[in-house]
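*Asks:* sequence first, predicted model second:
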2 protein chains.
Amino acid sequence: MKFAEKSCTEFVNVLASKEPVPGGGGASALVGAIGIALGSMVGSLTLGKKKYADVEEDIKDLMAKADEIRARMVKLIDRDAEVFEPLAKAYGMPKDTPEEQAEKARVMEIVLKDACDVPLEIMRAACDALEVIAGFAAKGSKLAISDGGCAATVCRASLEAAALNVFINTKAMGNREYAEKVNREANAMLDKYVPFADSIYSDVRAQF
Amino acid sequence: MKFAEKSCTEFVNVLASKEPVPGGGGASALVGAIGIALGSMVGSLTLGKKKYADVEEDIKDLMAKADEIRARMVKLIDRDAEVFEPLAKAYGMPKDTPEEQAEKARVMEIVLKDACDVPLEIMRAACDALEVIAGFAAKGSKLAISDGGCAATVCRASLEAAALNVFINTKAMGNREYAEKVNREANAMLDKYVPFADSIYSDVRAQF
């Protein structure tokens, strides 16, 4: 059974346990799915309202993008669990002889790359989500303004949480050139989109 | 069926829709439950490890607290939906005559208080969660350090998102004295625990 199909209660119970999956990556993806869903809610509460008739097409466009990002985030919940299994196995490989050490290092490099790729994808999805949420916050119904602010802070958390799951894996990589390239991309996303999310949130908070 | 018992996929789908519940409050509570579960994961991965034998009792104590907070957060997902229904009904009450206006104002005051209380409870739970997470980050296994950082940023989002759900309801209250009292409590929690969460996260990030 997919983790995305588990009940919310069961998901958090397994997350809290010593079961290896879901882990921080899967949790980041679920948090991202919740964040972009909060953005969609702003769209859903705006659509069809006379007062917002002139932004109807913009809202529809944002909603289509948000649906796509939510679907991507939901898939990444289970994708993260899939790449963890081979990683856990590789960590358990013997390294008693030079041959075993070389083989373990070779396998580790492959599985670490996959284990980095998934949280990196979650980060990209969280950045895309924040762009869409900024649109909802600017153009959506003022009655749903708090949901736009919630969406921003929740996607910010998805981004920051996924980043740590990138860093923990790049740290273990032998190929430092590749590791540093990935770290640069992750850091660039944090540098741009954490303040971006904060500014959406502050703008909303200032309206109360 | 309780929202906490819905699958993760279904929860985010209904959240994205124009269905009135779950809303921002319920989403904040689920995010909080995910955050504290990430903290518990640090504990689960620390318990029974020889290297951490001297903090075993502290970890057990933190884990008991984390379990209690997770259960509280999960309950608040549905509690938020329960208080929204009467609020939505009250917003729809007629106000054509002075009598109707007075009756609507009287009912609104009651339901707004409930609608504030739930996100305020979520905020308190998120603050409690962050205290526990700080303990896990300080004493837990270094192998699970990234999960502690994830836990902190996710509970930060729960706190910030719940706050907006407090403010949107206090704004509509007639009893300004009570509204300002609630706002002061909410602002005090944000002022203390947002930087507190940021410092846990930065400490973890600095280790990569």
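*Replies:* Looks like it came in fine.

*Asks:* with adjacent residues omitted, what lies nearest to the residue nearest to the spatial centre of chain A?
*Replies:* Centroid-nearest residue in chain A, with CA atoms, centre = their mean: residue A:122, separated by 3.3 Å. Leaving aside its sequence neighbours, residue A:122 sits nearest to residue A:162 (CB to CB, 6 or more residues apart in numbering or on different chains; 3.9 Å). All C-beta spots, glycine's among them, are computed from the backbone N, C-alpha and C.

*Asks:* thought residue A:196 was touching residue A:134?
*Replies:* Yes. Counting by CB atoms under 8 Å, residue A:196 sits close enough to residue A:134 to count as a contact (7.3 Å).

*Asks:* helix or strand: which one has residue A:117?
*Replies:* helix A:98-139 (DSSP states H and E).

*Asks:* which strands or helices does that helix pack on?
*Replies:* Other helices and strands packing on helix A:98-139, by 3 or more CB pairs under 8 Å, 6 or more residues apart in numbering or on different chains; DSSP states H and E, are helix A:24-46, helix A:56-91, helix A:145-170, helix A:176-205.

*Asks:* adding distance to residue B:32, write those helices out as JSON lines.
*Replies:* Formatted as JSON lines, the helices and strands packed on helix A:98-139 follow (distance: least, CB to CB, whole Å):
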{"stretch": "helix A:24-46", "distance to residue B:32": "11"}
{"stretch": "helix A:56-91", "distance to residue B:32": "18"}
{"stretch": "helix A:145-170", "distance to residue B:32": "11"}
{"stretch": "helix A:176-205", "distance to residue B:32": "17"}
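
*Asks:* about what we covered before: quick one, what contacts the residue nearest to the centre of chain A?
*Replies:* A:25, A:28, A:29, A:32, A:73, A:76, A:80, A:158, A:159, A:162, A:165 (CB atoms under 8 Å, 6 or more residues apart in numbering or on different chains).

*Asks:* just give the nearest non-adjacent residue to the third one, would you?
*Replies:* The shortest distance from residue A:29 to any non-neighbouring residue, by CB to CB, 6+ apart, is to residue A:76 (3.9 Å).

*Asks:* and the pLDDT at the one you found?
*Replies:* pLDDT for residue A:76: 98.

*Asks:* next, the contact list for it, please.
*Replies:* Neighbour list for residue A:76: A:25, A:26, A:29, A:32, A:118, A:121, A:122, A:125 [criterion: CB under 8 Å, 6+ apart].

*Asks:* widest-spaced pair of those?
*Replies:* Spatial extent of those (CB to CB) is set by the pair A:26 and A:125 at 13.4 Å.

*Asks:* residue most distant from the centroid, chain A?
*Replies:* Chain A, CA atoms, centre = their mean, max distance from centroid: residue A:97 (39.3 Å).

*Asks:* report pLDDT for that residue.
*Replies:* 97.

*Asks:* residue A:88 now?
*Replies:* Reported pLDDT for residue A:88: 89.

*Asks:* chain neighbours aside, what residue packs nearest to it?
*Replies:* Nearest to residue A:88 is residue A:20, by CB to CB, 6+ apart, at 5.6 Å.

*Asks:* what's the burial count for the one you found?
*Replies:* Around residue A:20 there are 13 other residues, counting by other CB atoms under 10 Å in any protein chain shown.

*Asks:* can I have the buried ones of the contacts of residue A:122 as a PyMOL selection?
*Replies:* Buried residues within these, by 16 or more other CB atoms under 10 Å in any protein chain shown, are selected in PyMOL with:
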select buried, chain A and resi 25+28+29+32+73+76+80+158+159+162+165
